[in-house]
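In: Sequence and computational prediction follow.
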Amino acid sequence: MHLADYLNAFSIEDLRELAARRGAMLSQAALNSRQALVRSLVGVVGRYDTIYPTVMRLNQAELTVLRWVLGAGKRAGVSRFCAEAGAEPAAARPVLESLRLWGLLFPEGDWDHIVFPPSTQMATHYFGAPARHHDELPSLSLTPPALDPAEAEGCRPRPGSLTWDQAELLARIARGRFKLTQAGRMNRRDLRAMDAAFAVPTSGYSTFLYMLSGSAALIYASENGIIAVRNEVDGYLGQPEETRASMTLAAWTLLRGYPESAVKDPADEEYVPAGLFSQRERAAEALVEARPGAAVTIDSLVQRLVWGSPLAFGGWDSSRDAPLTTRRLARSLYWLGLAALDDPEKPQRAGLTALGNRVLRGRADGPALIPEEPQFFLQPNAEVFAPPNLSPRTLFHLRRITGEKKGGAAGMYPLNADSVRRALDTGLTVEAIAAFLERFSKTGLPGNVRALLATAGRQHGRIRLVPAGYVMVTDTPGLLDELQRIATVAQVIGEPLAERVAAVAVDHAPELLKRLRAKGYAPLDLSEVGEVPPLADDPAFVPPLPNVEPDAASALTALLGVMADEEEYEPVPVGVQITDPERIWDLIEEAVDERLVVEIEYESSANREVTVREICPVDTDAHHVIAQCRLRGGERHFTMSRIRWARLTGDTFANEYV
């Protein structure tokens, strides 16, 4: 039988389950149409490159049965399996049904015979050594091992808020205009220099924050290699804490830059094994069993994850140390604010936080979340106090215009000439900064701060470095003369090109900026000015939810690399000639699935003879259609590119041709 025949035996609910398990991206119309589902899933299930990530998601029971079925080949059947493995049919059939919903094998009869697509045979390349005796087989139960309860005493949530730290990181990126390294990532020295600004002191956290922001589509690289913040960040940071946590959890599941299963330091690794995604999903799901105020042991969590995806811990490309990987996964959930640990570096016990209870369990029966404050306090000395529960959205915009004060109290940020200059360098205006401070400060905008902004605005941009090789442009001839009389500045300025323009060597541009700023000027490098998110304008306004959360289908598609045809298929009417090559392909594939007779005009490769003939298509490969030819009375392989036109006759043919 053809693969479509087995899928046609599925209920539409089972077809949707298969699509979800294999990560097929389908439109809502396709999910509601049996024909569209079958057509799309035939391509997905038949693809060889989906097998590896699929078997990485199988549990021990599923792997046991699949390994035996592939070893038995055409002799596979539930009775023979139970006889050889010493298992009961009642235990084996649920596992076989689960493998059916993965699209890895199908029944004939009541599992008397088991068949599988050719692509499933590839799974044998990823199995470890098979068990030789039935008593070595793991349990066929699909019920995972229980988690051991533990004392919750000593399990604490992370200090601070993940989104507060994200807001700090994003603000520094927005005002710092960091450039990607030649390796295509943010310089690790820049990240480590930020460590002191974050509430969590554990190693790798800065890299985790940066990669998580990229996975959530909050940052991107501009054409000139500068890391920039997307406008959608305002909508993300302005959501309630529970919504933000759900979005970051989805982004973490897909996180490609911090592999907890790395052999070395995860912060120094880039390659993420396919099995890690299933480990992340299962680790988050397992914590649901730890109710608020309780905890489970990490050792039992290790056993759960090994049962859930054993092959994921056996890859050559990642750590095979299941306890180490599990501790790192628990630490990531701790960083996300969802898990409470007794020791972030080497945890022995884990529990749910109040936020984790709401996000992972969907319950609000635990401790309430702390309400967030949308406004800060601007003091007469031009220092800003940000309360600990300040909204991350407000904090992000505040930190774009303020600086750091070494040794200062937590939550105190200075507003000075240098911080305003940095904000103006990114493309903000004095008017926008003043309006933001007036609306978001509970204490208003003091007169001295207004004067500070006005002074900075008058000085800013009088000297501009233009990336045309470089050249320096001043707003008056006298200012250029003034700069040429300053010895330290004149050393890095080239020959005058006009009364307001001087040449600057590309290598000297950074040093020139540094020396001008040391002398009290506020030069602007136009190469570092790009699109900039606007400052917020209303503390009471809740921005709309941005479209940055990876949905379930997108998540699995990114994991499995499966892209099903999302376009709604329009059946070709009977008798209509199709000449477009792509539509001929569609017509032929529909004919294969539905056993439809097709009339074609075909040009022979031997003598260029053109004939019109009726064919019964039974299969296709990359370039040909395999069909019974009624003109020649036998099976023929027709080259698709030589079919001039095709049309459906309205007839069907029997399965005997298959």
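Out: Arrived safely, thanks for sending. For clarity, every value in this text was computed on a predicted model and none was experimentally measured.
In: Okay, strands next: where are they in the stretch 501-650 of the chain?
Out: 501-503, 524-525, 596-603, 610-620, 624-629, 634-639, 643-652 (DSSP state E, counting those that start in this stretch).
In: quick one: contacts for residue 186?
Out: Listed by Cβ atoms under 8 Å, 6 or more residues apart in numbering, the contact partners of residue 186 are 178, 180, 210, 227. Glycine gets a C-beta too; all of them are placed from N, C-alpha and C.
In: Touching, the first one and residue 187? I think so.
Out: Yes: Residue 178 sits in contact with residue 187 when judged by Cβ atoms under 8 Å, with a separation of 7.0 Å.
In: can you pull the pLDDT of the residue lying closest to residue 638 once chain neighbours are set aside?
Out: If the residues on either side of it in the chain are set aside, residue 638 comes closest to residue 625, at 5.0 Å by Cβ to Cβ, 6 or more residues apart in numbering. At residue 625, the model reports a pLDDT of 90.
In: what about residue 625, distance to residue 35?
Out: 20 Å (Cβ to Cβ, to the nearest Å).
In: Domain-wise, how is this protein divided?
Out: 3-136, 162-360, 377-458, 463-521, 581-657 (automatic domain parsing).
In: How many neighbouring residues does residue 345 have?
Out: As a burial measure, residue 345 scores 10 neighbours (other Cβ atoms under 10 Å).
In: What values do phi and psi take at it?
Out: phi -80, psi -40 (degrees, to the nearest 10).
In: show me where pLDDT drops low in the stretch 251-400 of the chain?
Out: For the stretch 251-400 of the chain, applying pLDDT under 70 flags no range at all.
In: cool, the stretch 51-200 of the chain as well?
Out: In the stretch 51-200 of the chain, residues with pLDDT under 70: 128-138.
In: Which stretches in it count as helices?
Out: 51-55, 60-72, 78-85, 89-101, 162-176, 188-192 (DSSP state H, counting those that start in this stretch).
In: buried set for the second one?
Out: Yep, that's helix 60-72 we're talking about. Buried residues in helix 60-72, counting neighbours by 16 or more other Cβ atoms under 10 Å, are found at 60, 61, 62, 63, 64, 65, 66, 67, 68, 69, 70.
In: For those, could you give me CSV that also reports distance to residue 275?
Out: Converted to CSV, the buried residues of helix 60-72 look like this (distance: Cβ to Cβ, whole Å):
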residue, distance to residue 275
60, 14
61, 17
62, 14
63, 12
64, 18
65, 19
66, 16
67, 17
68, 22
69, 21
70, 19
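In: From the residues you listed, pick the one nearest residue 20.
Out: Taking Cβ to Cβ as the measure, residue 20 sits nearest to residue 62 out of those, at 16.1 Å.
In: quick one: contacts for residue 533?
Out: Going by Cβ under 8 Å, 6+ apart, the list of residues near residue 533 reads 174, 229, 230, 231, 233, 234.
In: nearest spatial neighbour of the first one, skipping sequence neighbours?
Out: What that stands for is residue 174. residue 229 (4.6 Å).
In: In this structure residue 46 contacts residue 2, no?
Out: No: assessed by Cβ under 8 Å, residue 46 is found out of contact with residue 2, at 10.4 Å.
In: before we move on, back to that, report the beta-bridge partners for the residue nearest to residue 174.
Out: With DSSP bridges as the criterion, residue 229 is bridged to residue 219.
In: Per-residue pLDDT of it, please?
Out: Reading off the model, residue 229 has pLDDT 90.
In: can you pull the contacts of it?
Out: By Cβ under 8 Å, 6+ apart, the neighbours of residue 229 are 170, 173, 174, 218, 219, 533.
In: still on that earlier bit, would you confirm that the residue nearest to residue 638 contacts residue 615?
Out: Yes: counting by Cβ under 8 Å, residue 615 is a contact partner of residue 625 at 7.4 Å.
In: Need the residues touching each of these two.
Out: residue 638.
In: hmm, back to that, closest one of the buried residues of helix 60-72 to residue 605?
Out: residue 70 (38.5 Å).
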